[in-house]
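Visitor: Turn this into a model:
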Amino acid sequence: MGITVREVQEPESECVLMIDLSGTFDYEVNREFLTIFKNRDDLKSMPIIINCSLVQHVDSAALGMLLMLREKAGGVDSNVTIVGCNTNLKRIFGAAHFDRLFKFA
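Guide: Now for the predicted structure:
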């Protein structure tokens, strides 16, 4: 599993936090993923895009990590978008009703 985090300044827009994931998104990366947002207080003010185009599988721990990120980013008012999901990930996210909690593109 690989995680890359970068802030991107969109033209004529605000800064966007890009989180690129690859491989299997599971409990093994719990600590690494949580450090992305653990000490940040600016997440409520910026859009977050999670790129899953290189992810083959997610487990229940990964779903929990995404929920924790959503809460840190403002909960119901958060601006978190998940992009690049393959068919398997769409099925998993759909079964967990993540379409009600996150934006998908």
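Visitor: wait, what's in contact with Ala96?
Guide: Contact partners of Ala96, counting by CB atoms under 8 Å, 6 or more residues apart in numbering, are Leu63. Glycine gets a C-beta too; all of them are placed from N, C-alpha and C.
Visitor: what's the answer for Tyr27, then?
Guide: The contact partners of Tyr27, taken as CB under 8 Å, 6+ apart, are 59, 61-62.
Visitor: and what of Leu21?
Guide: Here Leu21 is in contact with 1-3, 50-52, 54-55 (CB under 8 Å, 6+ apart).
Visitor: JSON lines please, covering the contacts of Tyr27 and showing pLDDT, secondary structure and distance to Arg70.
Guide: JSON lines is the format used below for the contacts of Tyr27 (pLDDT from 0 to 100; DSSP: H, G, I helix; E, B strand; the rest coil; distance: CB to CB, whole Å):
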{"residue": "Asp59", "pLDDT": "96", "secondary structure": "coil", "distance to Arg70": "17"}
{"residue": "Ala61", "pLDDT": "96", "secondary structure": "helix", "distance to Arg70": "15"}
{"residue": "Ala62", "pLDDT": "96", "secondary structure": "helix", "distance to Arg70": "13"}
